[in-house]
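Undergrad: Sequence and predicted structure, then a few things I'm wondering about:
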Amino acid sequence: MIARARALPGTEGGAFVATFALVWTLGVLVPIAALLLFSFLRTSGVTVLLEPSLAGWAEAFRDFRIEILLRSLRICLLVTLVELALAFPFAVWLAKGLRRGWLKLALLVLLVVPFFLSPAARSVVWRSILGREGLVNGLLLHLGVIEQPLDWLLFTEFSVHLGLIGPYFPSMLWPIYIAVTLIDDELIKASRDLGASEWQTLRLVILPLALPGIAAGFIFTLVPMLGDNVVAALLGGGKVLLVAEAVNDLVRALNYAGAAAVSTVILLAVVLLQWLFWRALRRIGGGADPFAAIRT
């Protein structure tokens, strides 16, 4: 008789958790730790010297870089909140209000298309729309609304804001859509049977249960947006510099310590913003853990 070894209860789950923790440590925590370490070292050309130095942090906190960092946080945070305001009602309608299966499928396919387009191609098209001889100015001139082309439509913060909304809308929408889809329709029906209005059902039932998707959408939108240097370069015209371009400039100048310090400041700012956003979500959810609704 050949004895068959059986795994102890929970062993497979423990192995999965251990593997995930190892991958997470090597793929996320180690690079972050290396980034923080590099910011306190001295560099000479392409060589990183094992000598402690605050030169990188001095480079990060120069006046013009602080201005660029604050501008980047302001623009990206504002666009993220605009994305949330647009994506949440659309996600609720798409998940619970739209009943036509073919139309829902078509919209979901269209929401995937931006992921396959070049960031440069998505941004440069706005030049032909917002430029002095573009579609918007041409239409306004033709209708007699303006007498001369508007200069503030392109190569300004307005064009950068507008250029960032489209590419990152799916990043905000998809997590919210998935979270709303997981809400049991019986809960919504029960709320209405108890006399709740549509607004009360949205505020007291759908919104608290959709908080995990909102939190994920906030992260998936804000973080990559802070690393975007295409939209600002093409639609800012060199007049609206964001922090991603500042990091690239430091890397091109072989100032790796400065680039690491600026990146660390961005990371800390994102963590702080996420904590503040998390606190706001907990207040909306009545103080409960937003992820409790999806735990099994």
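TA: Structure received.
Undergrad: how distant is stretch 183-196 from the center of its chain?
TA: Averaged C-alpha coordinates place stretch 183-196 at 32 Å from its chain's average position (Cα atoms, centre = their mean, to the nearest Å).
Undergrad: in it, what's buried?
TA: Neighbour counts over stretch 183-196 (16 or more other Cβ atoms under 10 Å) mark 183, 188, 191, 196 as buried. In short, each C-beta sits where N, CA and C put it, glycine included.
Undergrad: ditto for stretch 104-119
TA: Within stretch 104-119, the residues that qualify as buried are 107, 111, counting by 16+ other Cβ under 10 Å.
Undergrad: Excluding its own residues, what touches it? List them.
TA: Residues outside stretch 104-119 that contact it (Cβ atoms under 8 Å, 6 or more residues apart in numbering) are 94, 98, 122, 166-167, 169-170, 173-174, 228, 230-231.
Undergrad: next one: stretch 156-170
TA: Contact with stretch 156-170 is made by 75-76, 78-80, 82-83, 86-87, 111-112, 114-115, 119, 122-123, 126, 130, 152-153, 221, 224-225, 228, 231-232, 234-236, 239-240, 242, as judged by Cβ under 8 Å, 6+ apart.
Undergrad: Just the buried residues out of these, in PyMOL syntax.
TA: Buried members of the contacts of stretch 156-170, defined by 16+ other Cβ under 10 Å, are picked up in PyMOL with:
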select buried, resi 75+76+79+80+82+83+87+111+122+123+126+130+153+221+225+228+231+232+234+235+236+240+242
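Undergrad: what helix or strand is the residue nearest in space to the middle of the chain on?
TA: Centroid-nearest residue in the chain: residue 221, 1.3 Å away (criterion: Cα atoms, centre = their mean). Using DSSP states H and E, residue 221 sits in helix 211-226.
Undergrad: and after that helix, which helix or strand comes next?
TA: On the C-terminal side of helix 211-226, the closest following helix or strand by DSSP H and E is helix 230-235.
Undergrad: Enumerate the positions of the helix or strand just after that next one that are buried.
TA: Using DSSP H and E, the next helix or strand after helix 230-235 towards the C-terminus is helix 243-252. Under the neighbour-count criterion of 16+ other Cβ under 10 Å, helix 243-252 has 243-247, 249-250 buried.
Undergrad: what is the mean pLDDT for the following helix or strand past helix 243-252?
TA: Downstream of helix 243-252, the next assigned helix or strand under DSSP H and E is helix 256-284. The average pLDDT for helix 256-284 rounds to 85.
Undergrad: do the same with stretch 221-233
TA: pLDDT averaged over stretch 221-233 gives 91.
Undergrad: Please identify the buried residues of stretch 130-147?
TA: By 16+ other Cβ under 10 Å, the buried positions in stretch 130-147 come out as 130-131, 134, 136-137, 140.
Undergrad: Can I take it that residue 145 is in a strand?
TA: No: counting by DSSP: H, G, I helix; E, B strand; the rest coil, residue 145 is located in no strand; its state is coil.
Undergrad: so what's it up against?
TA: By Cβ under 8 Å, 6+ apart, residue 145 has no neighbours at all.
Undergrad: From residue 253, how far off is it?
TA: For residue 145, the distance to residue 253 equals 46 Å [Cβ to Cβ, to the nearest Å].
Undergrad: cool, and residue 44?
TA: From residue 44 over to residue 253 (counting by Cβ to Cβ), the distance is 13 Å.
Undergrad: Show me the shaky parts of the protein.
TA: Residues of the chain meeting the criterion pLDDT under 70: 1-13, 46, 284-296.
Undergrad: just the strands in it please.
TA: 41-44, 47-52 (DSSP state E).
Undergrad: Next, the angle from the last one to helix 256-284.
TA: What separates the directions of strand 47-52 and helix 256-284 is an angle of 70 degrees, with axes from the mean of the first three to the mean of the last three Cα atoms, to 10 degrees.
Undergrad: picking up where we left off before, and the furthest pair within the contacts of stretch 104-119?
TA: Spatially, the most separated pair among the contacts of stretch 104-119 is 98 and 230, at 32.4 Å (Cβ to Cβ).
Undergrad: Compare the two (neighbour count), which wins?
TA: More crowded of residue 98 and residue 230, by other Cβ atoms under 10 Å: residue 230, with 19 against 13.
Undergrad: which ones are touching that one?
TA: Residue 230 sits next to 119-120, 123 when contact means Cβ under 8 Å, 6+ apart.
Undergrad: now do 10 Å
TA: Residue 230 makes contact with 118-124, 163-164, 167, 244-245, according to Cβ atoms under 10 Å, 6 or more residues apart in numbering.
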